[in-house]
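# Here is my input; please provide its structure:
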Amino acid sequence: MGRKTNFFLVFLLSILLNNEIVEGDSSVSGDVFMEGPFTVKALDMQTWGPSLDKSLLVAVPTLKGTYPVLLFLHSYVPLRNNFYWDFLHQVASHGYIAVAPLLYDFTGWDCTQEMIDTASISDWLKVNLHLHFPAQLKAVVPDFDRFAIAGHGRGGKVAFGVALGLAASTAVKISALAGFDPVDGAGDRQNPPTILTYSNTSLPLSIPALIVGTGLGSKRTILLPACAPERLGHDEFFNESPAPAYHFVASDYGVNDILNNELFWLPCLLCQCRIPLEPMRRFAAGVLVAFLRSAMEENGETFEYILKNPAVAPVRLEPPQYKVLPDFVPPEAAIQQEPQILLVNGMDVSAPDSAI
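Numbering: from 1, shown residues only. Below you'll find the model as predicted:
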């Protein structure tokens, strides 16, 4: 009887220890895929200026402190900024102030005005955001020395355009850039102002870039063309981004699967999709948080873990791709416009057309 009891206790202890190890791994990586520790409040505010009148949806932590700022840009009609509230809430709950402007109710193919407006909104936010916080949030301080810009679909293109200074420049220094299924046009053609050049590492960026794509984005529905055509989408944005750049692809999901849960019908109406949406949204928000920690807070442990262990994500991922500059390459090399040595997934892929 004593031996059976001892065996049972040893077996139970082994289970507890194994669970503890798994949970330990989750604390390194998986926590970003869930809601974070901060309570989040939603704020609606309006920008004002000579030519600027935009509605803003702001997700802000309520705890006293100084927080990095993320500007997030919605995709094309009929999508709106409030369709991303669940996504914004998850990001903010990890200690970020997330701001999503409503750039338009309806617009044409040309993105120039959106880039101009986004640059103006960035400048407005640096001066006015804190002034528009209610009294109970006055101890919450936005840190514009840690400012990132991200976008979804057409908004991803606009984010890249603003980071490149295509149509307008912002006085706020952008520290990181992210695109979720960014698309440089529709059908088989680019729309102005064009981003992609179809030359590797050709975009003159000097900040870390995260590109997240989907396996279903390049596939058409029964009635509509693909929402993220191959030559206009995430693969090409990654190919043309210089180091450091990172590329994740969720194989089984579609372009709009990062929207709020209650909008499950909308992604499937517009593009190929997978229901439920929640796993894709949790992944997208989580990998963005890990990327921002690495890019703006010198805390790359979680992001590196996800790169090396993509199975921790709540969705199935293709092997992540990345471009990095080796540690031994002096920063003067890029300034002198000498060839850029690139490591993609640890392999040297330097080429004459990858110079900047």
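
# give me the low-pLDDT residue ranges for the stretch 1-150 of the chain?
Where the stretch 1-150 of the chain drops to pLDDT under 70, the residues are 1-30, 48-51.

# Could you pull out the strands in it for me?
Remark: strands assigned in the stretch 1-150 of the chain by DSSP state E, counting those that start in this stretch are 40-46, 55-61, 65-73, 97-101, 140-152.

# these two touch, right, E35 and S93?
Yes: if you go by CB atoms under 8 Å, E35 and S93 touch, sitting 4.9 Å apart. All C-beta spots, glycine's among them, are computed from the backbone N, C-alpha and C.

# Which of the two has more residues huddled nearby?
Shown here are E35 and S93; by other CB atoms under 10 Å, S93 has more neighbours (20 against 16).

# P37 is in contact with that one, correct?
Yes: with contacts counted by CB under 8 Å, S93 reaches P37, the gap being 7.1 Å.

# What strand or helix carries R281?
Here R281 sits within helix 278-297, counting by DSSP states H and E.

# Got phi/psi on the closest residue to C268 other than its chain neighbours?
Nearest non-adjacent residue to C268, counting by CB to CB, 6 or more residues apart in numbering: I275, 7.0 Å away. Main-chain torsions, I275, degrees, to the nearest 10: phi -110, psi 140.

# any idea of the pLDDT on I275?
Predicted confidence (pLDDT) for I275: 81.

# Skipping adjacent residues, who's closest to D145 in space?
K173 (7.3 Å).

# What separation do you get for the one you found and V77?
31 Å (CB to CB, to the nearest Å).

# do the same with F106
Distance from F106 to V77, by CB to CB: 6 Å.

# quick one: which of these two has more around it?
V77 (11 against 7).

# quick one: the helices in the stretch 251-356 of the chain?
For the stretch 251-356 of the chain, the helices defined by DSSP state H, counting those that start in this stretch cover 265-270, 278-297, 301-308, 332-335.

# which residues touch L196?
184, 190, 232, 236-237, 240 (CB atoms under 8 Å, 6 or more residues apart in numbering).

# Name the nearest of the residues you listed relative to G156.
F237 (7.5 Å; CB to CB).

# secondary structure class for the closest one?
helix (DSSP: H, G, I helix; E, B strand; the rest coil).

# Domain parsing of the chain, as residue ranges.
Domain segmentation of the chain under automatic domain parsing yields 34-324, 326-356.

# which one of these is the most hemmed in?
domain 34-324 (a mean of 20; mean count of other CB atoms under 10 Å).

# How far away from the center of its chain is that domain?
4 Å (CA atoms, centre = their mean, to the nearest Å).

# start to end distance for that domain?
28 Å (CA to CA, to the nearest Å).

# Ok, stretch 123-137 next?
Rule used - CA to CA; the end-to-end distance of stretch 123-137 is 21 Å.

# Can you tell me the closest non-neighbouring residue to V172?
That would be S122: by CB to CB, 6+ apart, it lies 4.6 Å from V172.

# And stretch 312-323, end to end?
21 Å.

# before we move on, back to that, which other helices and strands contact the helix holding R281?
With contacts taken as 3 or more CB pairs under 8 Å, 6 or more residues apart in numbering; DSSP states H and E, helix 278-297 sits against strand 65-73, helix 85-92, strand 140-152, strand 176-180, strand 209-214, strand 245-250, helix 301-308.

# Now distance to V127 too, for those, in JSON lines please.
Converted to JSON lines, the helices and strands packed on helix 278-297 look like this (distance: least, CB to CB, whole Å):
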{"stretch": "strand 65-73", "distance to V127": "13"}
{"stretch": "helix 85-92", "distance to V127": "21"}
{"stretch": "strand 140-152", "distance to V127": "9"}
{"stretch": "strand 176-180", "distance to V127": "21"}
{"stretch": "strand 209-214", "distance to V127": "27"}
{"stretch": "strand 245-250", "distance to V127": "31"}
{"stretch": "helix 301-308", "distance to V127": "31"}
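
# so which of those comes closest to Y322?
That would be strand 245-250 among these, by CB to CB, at 4.7 Å.

# Can you show me the CA trace of the closest one as CSV?
Extracted in CSV, the C-alpha atoms of strand 245-250 (Å, rounded to 0.1, in the frame of the first residue of the first chain):
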residue,chain,number,x,y,z
ALA,A,245,12.5,43.2,-41.0
TYR,A,246,10.3,40.3,-39.8
HIS,A,247,7.7,38.3,-41.7
PHE,A,248,5.0,36.1,-40.2
VAL,A,249,2.3,34.3,-42.2
ALA,A,250,-0.8,32.7,-40.7
